[in-house]
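Visitor: Pasting the sequence and the predicted coordinates here, then a few questions.
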Amino acid sequence: MMDWERFYDRANYDRCAYIGGGRMADLVERFFEREGTPENFASVGCGPAVVPFLLAERHPDIDVYGFDISETVVRDNAEKATEEGLENLHFAVDSLPNLETDQKFDVVYCVATLYFVDEPRRAIENLYSHVRSGGHLVLNYPNEQSRRTFDREFEGRKRESFELVLSGANIISEDVVRDVTGAETRSYWELIDAEDEEFVDSATPCVVVEK
């Protein structure tokens with residue numbers, strides 16, 4: 001399994017988003033335009049929290065939460081939020097497949113995270129349980145095309161990082177998301193007109209589930 005504490009050693013990581021970079025925050029803004037601006041927003045598996053920081057800065061009236069398994073990155077994020085005076089931005093150590101927080105959110109956002117979770121069905125069920133009635137889960141997940149693409153393109157340590165996907169251990173489909181949540185799914189990329197983004201392809205499926 002991935003050693004996230006070692007990965008997020010204070011001097012050994014960049015503040016970047018692993019799918020789409022800072023552009024992902026712009027696309028979340030477009031999601032707000034389509035579905036309404038939420039009162040709160042949670043990013044699960046936030047890492048260096050590129051999207052939460054940008055959203056908290058742009059929307060001071062939204063409470064933005066970031067959850068991550070790494071105490072190191074959560075501490076770094078909290079210190080950075082304090083330095084920048086972002087009182088609406090909150091971080092806590094928490095992880096899938098079972099989040100310990102008892103909070104519910106208007107938007108639960110889980111992108112580039114299920115690739116590293118070995119019980120995706122349980123994780124999806126738990127994520128959906130933290131969505132308020134009328135709220136949305138935005139979920140990116142590994143599928144068979146992810147496995148084929150990663151097998152073709154990844155080498156060295158990157159292959160080690162994505163071992164669950166490459167072995168097929170956590171591969172799912174959109175049907176699994178519908179089955180676990182008991183709800184219909186929509187393509188997030190289509191909803192926000194992002195199909196032409198360079199990082200959007202069949203290996204990066206992302207869906208929206210309304211509750």
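Guide: Here it is on my side, so go on.
Visitor: Which neighbouring elements make contact with the lengthiest strand in the chain?
Guide: In the chain, with assignment by DSSP state E, the single longest strand is strand 131-140. Counting contacts by 3 or more Cβ pairs under 8 Å, 6 or more residues apart in numbering; DSSP states H and E, strand 131-140 packs against strand 105-110, helix 120-129, strand 206-210. Where you see a C-beta, it was placed from the backbone N, CA and C, and this is true even at glycine.
Visitor: Pairing partners for the last one, with directions?
Guide: Each strand that pairs with strand 206-210, with its direction, by DSSP bridges: strand 131-140 (antiparallel), strand 185-187 (antiparallel).
Visitor: if we can go back for a sec, so for the longest strand of the chain, what gets flagged as buried?
Guide: Neighbour-count burial for strand 131-140, counted by 16 or more other Cβ atoms under 10 Å, picks out 131-132, 135-140.
Visitor: The helix or strand that that strand is followed by: which residues count as buried?
Guide: Per DSSP states H and E, strand 131-140 leads on to helix 144-153 as the next helix or strand towards the C-terminus. Counting neighbours by 16+ other Cβ under 10 Å, one finds that the buried residues in helix 144-153 are 146-147, 149-150.
Visitor: Check the offset of helix 144-153 from the chain's centre.
Guide: Offset of helix 144-153 from its chain centre (Cα atoms, centre = their mean, to the nearest Å): 20 Å.
Visitor: Also stretch 105-123?
Guide: For stretch 105-123, the distance to the chain centre is 6 Å (Cα atoms, centre = their mean).
Visitor: Restricting to C-alpha, output it in PDB.
Guide: What follows is stretch 105-123, C-alpha atoms only, in PDB (Å, rounded to 0.1, in the frame of the first residue of the first chain):
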ATOM      1  CA  PHE A 105     -22.100  18.100   3.100                       C
ATOM      2  CA  ASP A 106     -23.900  19.700   0.100                       C
ATOM      3  CA  VAL A 107     -21.100  18.500  -2.100                       C
ATOM      4  CA  VAL A 108     -18.700  15.600  -1.400                       C
ATOM      5  CA  TYR A 109     -15.900  15.700  -4.000                       C
ATOM      6  CA  CYS A 110     -13.600  12.600  -4.400                       C
ATOM      7  CA  VAL A 111     -11.300  12.900  -7.300                       C
ATOM      8  CA  ALA A 112      -8.000  11.000  -7.900                       C
ATOM      9  CA  THR A 113      -8.500   9.200  -4.600                       C
ATOM     10  CA  LEU A 114     -10.300   5.900  -5.300                       C
ATOM     11  CA  TYR A 115      -7.300   4.800  -7.300                       C
ATOM     12  CA  PHE A 116      -5.600   4.200  -3.900                       C
ATOM     13  CA  VAL A 117      -8.500   2.600  -2.000                       C
ATOM     14  CA  ASP A 118      -8.800  -1.200  -1.900                       C
ATOM     15  CA  GLU A 119     -12.500  -1.400  -1.000                       C
ATOM     16  CA  PRO A 120     -14.100   0.900  -3.500                       C
ATOM     17  CA  ARG A 121     -17.700  -0.300  -3.000                       C
ATOM     18  CA  ARG A 122     -17.500   0.300   0.700                       C
ATOM     19  CA  ALA A 123     -15.800   3.700   0.100                       C
END
